[in-house]
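# Have a look; sequence and predicted model below, questions after that.
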Amino acid sequence: MPRHPHYGPSVSRISGAVYSTLADRLSRHAGEVYPLHVGDTWMEPPEGCRMEDFTVAEHPGMHRYAPVQGLPVLLDAIVARTEARTGVPTTRENVLVATGATGALGAVAGALLAPGDEVLVLAPYWPLIAGIVTSFHGVPVPVSLLEVDSVEALVATVRARLTERTVALYLNTPNNPTGRVLPRAWVEALVALAREEGLWLWSDEVYEDYLYAGEHVYVRTLAPERTFSAYSFSKAYGMAGNRAGYVVGPAEAMEQLRKVSTHSFYSTPTAAQLAAARALTGPGDAWAAKAAALYREVGNAAAARLGVPPPEGGTFLFLDVADALDARGLTGLLERCVERGLLVAPGPSFGPFPHHVRLCFTCAPPEVVLRGVEALAQVLGR
């Protein structure tokens, strides 16, 4: 007998809305709105790196497929950038250009996971990573670091979640959603544990350009043989709509990643790659430095108003709102926010955090963000 049509069980377990199920209500709000739930920037990309700056006359074939690995001009720019920032010898064979860091990490998951394999995901985590692991029939295992305060506690907490099915460890620094930067000693301890247990390391470093305190440790400098580092032109240069990013990893493994990318998104949009290459070799660094200064200023102001420490990096604050919850729990608080034209992302999108919310302080011009922060502060009674 044929099987009745059905949905894949892995996909059925994934939530369709990772940030807010209340977003549609914002369109009906009469006053100013504050969409602080979305991780994006109000800034346009660097001048000369926008879609309006590219023509067919200058770039014949810009609407055709790009090579599946990436345009040579972009691969070379990534190689140069990677070697300059990390000191790790890198060639084109270490790089895959992908449809954002999302596509890059999807290629990693598809290449490395067998059904039932577990990935330890340091939490709070970027919400899409859990769905990516699940989509490729793996099992994301959250490992909360919110209460961890030492290297010894870190190692013990991670080790406690190891099983015979664990194959990889995912870390994100600077972190989305907390704004924390993992100290070097912590990263070194995680690398040592991964090497001892034979784990792959998935290092999400998309906020590398947005560091306000401490040091960003490139994981690949410590374990190039087992590290896949993901980067995003969306976050680096305000190009979220272009869908371009990349992953750098062991050359012998990248062939497997290219198989996955070829059979999922095939290649990254050609025009997006041209824009990314121009940013890397031209005005990108100056743009990112200006953005970082602006982001730091508004992030510090938002943190001060909400009574929390300033972010160490990235574009987010992660708030414990337990003292502002009523009998309806987090849902009630989110609804009270929407009544003021405000959306923030619910904590459970980032792991087992039913008493937290995340706000992005770069998704709108600073004056708009700070008015939204004021609305949130009033909802929280701060």
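Happy to help now that I have it. All values reported here derive from a predicted model rather than from experimental measurement. Residues are numbered from 1 along each chain as shown.
# What ranges does the stretch 201-350 of the chain have for its helices?
Ranges of helices in the stretch 201-350 of the chain, per DSSP state H, counting those that start in this stretch, are 233-237, 251-262, 270-281, 284-306, 329-339.
# closest one to Tyr34 among those?
Proximity of the helices of the stretch 201-350 of the chain to Tyr34 was assessed by Cβ to Cβ; the nearest stretch is helix 329-339, lying at 8.6 Å. Where you see a C-beta, it was placed from the backbone N, CA and C, and this is true even at glycine.
# the strands in the stretch 51-200 of the chain, which residues?
Using DSSP state E, counting those that start in this stretch, the strands of the stretch 51-200 of the chain run over residues 95-98, 118-123, 139-144, 166-172, 200-204.
# Pick the most buried one from the ones you listed.
The highest average neighbour count among the strands of the stretch 51-200 of the chain, using mean count of other Cβ atoms under 10 Å, belongs to strand 95-98 at a mean of 28.
# partners of that strand, with directions?
strand 245-248 (antiparallel) (DSSP bridges).
# Check which residues of the strand it pairs with are buried.
245-248 (16 or more other Cβ atoms under 10 Å).
# Over to stretch 369-382?
Buried positions in stretch 369-382, judged by neighbour count with 16+ other Cβ under 10 Å: 369-376, 379-380.
# Looking at those, which are in helices?
369-376, 379-380 (DSSP state H).
# Looking at the residues you listed, which is nearest Ala324?
Distances from Ala324 to those, taken by Cβ to Cβ, are shortest for Leu380, at 4.5 Å.
# my guess is that closest one meets Asp320, correct?
No. Counting by Cβ atoms under 8 Å, Leu380 does not reach Asp320; the two are 10.1 Å apart.
# could you pull out the helices for the stretch 1-150 of the chain?
Using DSSP H, counting those that start in this stretch, helices in the stretch 1-150 of the chain cover 9-12, 23-26, 72-86, 100-112, 127-135.
# Next, the angle from the third one to helix 270-281.
Right, helix 72-86. 40 degrees (axes from the mean of the first three to the mean of the last three Cα atoms, to 10 degrees).
# what's the closest of the helices of the stretch 1-150 of the chain to Glu255?
Ranking the helices of the stretch 1-150 of the chain by distance to Glu255, with Cβ to Cβ as the measure, places helix 100-112 first at 8.8 Å.
# give me the low-pLDDT residue ranges for this protein?
Applying pLDDT under 70 to the chain flags residues 1-4, 16-23, 26.
# go again using 80 as the cut-off
Applying pLDDT under 80 to the chain flags the ranges 1-30.
# got the domain boundaries for it?
Listed by automatic domain parsing, the domain ranges of the chain are 9-44+285-380, 52-281.
# neighbours around Leu112, how many?
By the criterion of other Cβ atoms under 10 Å, Leu112 has 21 neighbours.
# Cys337 now?
Applying other Cβ under 10 Å, we find 25 residues neighbouring Cys337.
# and the gap between it and Ala288?
Cys337 sits 31 Å away from Ala288, going by Cβ to Cβ, to the nearest Å.
# Any chance you could spot the residue sitting in the middle of this protein?
What sits nearest the mean C-alpha location of the chain, by Cα atoms, centre = their mean, is Trp126, with 5.3 Å.
# ok, and the closest non-adjacent residue to that residue?
Excluding its sequence neighbours, the residue lying closest to Trp126 (Cβ to Cβ, 6 or more residues apart in numbering) is Asn176, at 4.8 Å.
# Cross-check the contact I'm expecting between that neighbour and Phe316.
Yes. With contact defined as Cβ under 8 Å, Asn176 and Phe316 form a contacting pair (5.6 Å).
# So for these two, which residues contact both of them?
Taking Cβ atoms under 8 Å, 6 or more residues apart in numbering as the criterion, Asn176 and Phe316 both touch Gly39.
# re earlier: distance to Glu52 for the strands of the stretch 51-200 of the chain - can I get that in a markdown table?
Below are the strands of the stretch 51-200 of the chain laid out as a markdown table (distance: least, Cβ to Cβ, whole Å):
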| stretch | distance to Glu52 |
| --- | --- |
| strand 95-98 | 22 |
| strand 118-123 | 39 |
| strand 139-144 | 39 |
| strand 166-172 | 33 |
| strand 200-204 | 31 |
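# My guess is Met51 contacts Leu274. True?
No. Between Met51 and Leu274 there is no contact under Cβ under 8 Å: 9.5 Å.
# more neighbours, the two?
For Met51 versus Leu274, neighbours defined as other Cβ under 10 Å are more numerous around Leu274 (23 against 13).
# List the contacts of that one.
54, 59, 62, 71, 73-74.
# Now the buried members of the residues you listed.
Here, 16+ other Cβ under 10 Å leaves 54, 62, 71, 74 buried among these.
# Endpoint to endpoint, stretch 196-210 covers what distance?
Start and end residues of stretch 196-210 are separated by 31 Å (Cα to Cα, to the nearest Å).
# Start at 23, not 1
Will do, 23 is the new start, and the previous item becomes stretch 218-232.
# Off-centre distance for that stretch?
Remark: stretch 218-232 is offset 11 Å from the chain centroid, using Cα atoms, centre = their mean, to the nearest Å.
# and if you look at stretch 174-192?
With Cα atoms, centre = their mean, you get 21 Å for stretch 174-192.
# quick one on the thing from earlier: now, which of the buried residues of strand 267-270 sits nearest Pro333?
The shortest approach to Pro333 among the buried residues of strand 267-270 belongs to Gly267, at 21.9 Å (Cβ to Cβ).
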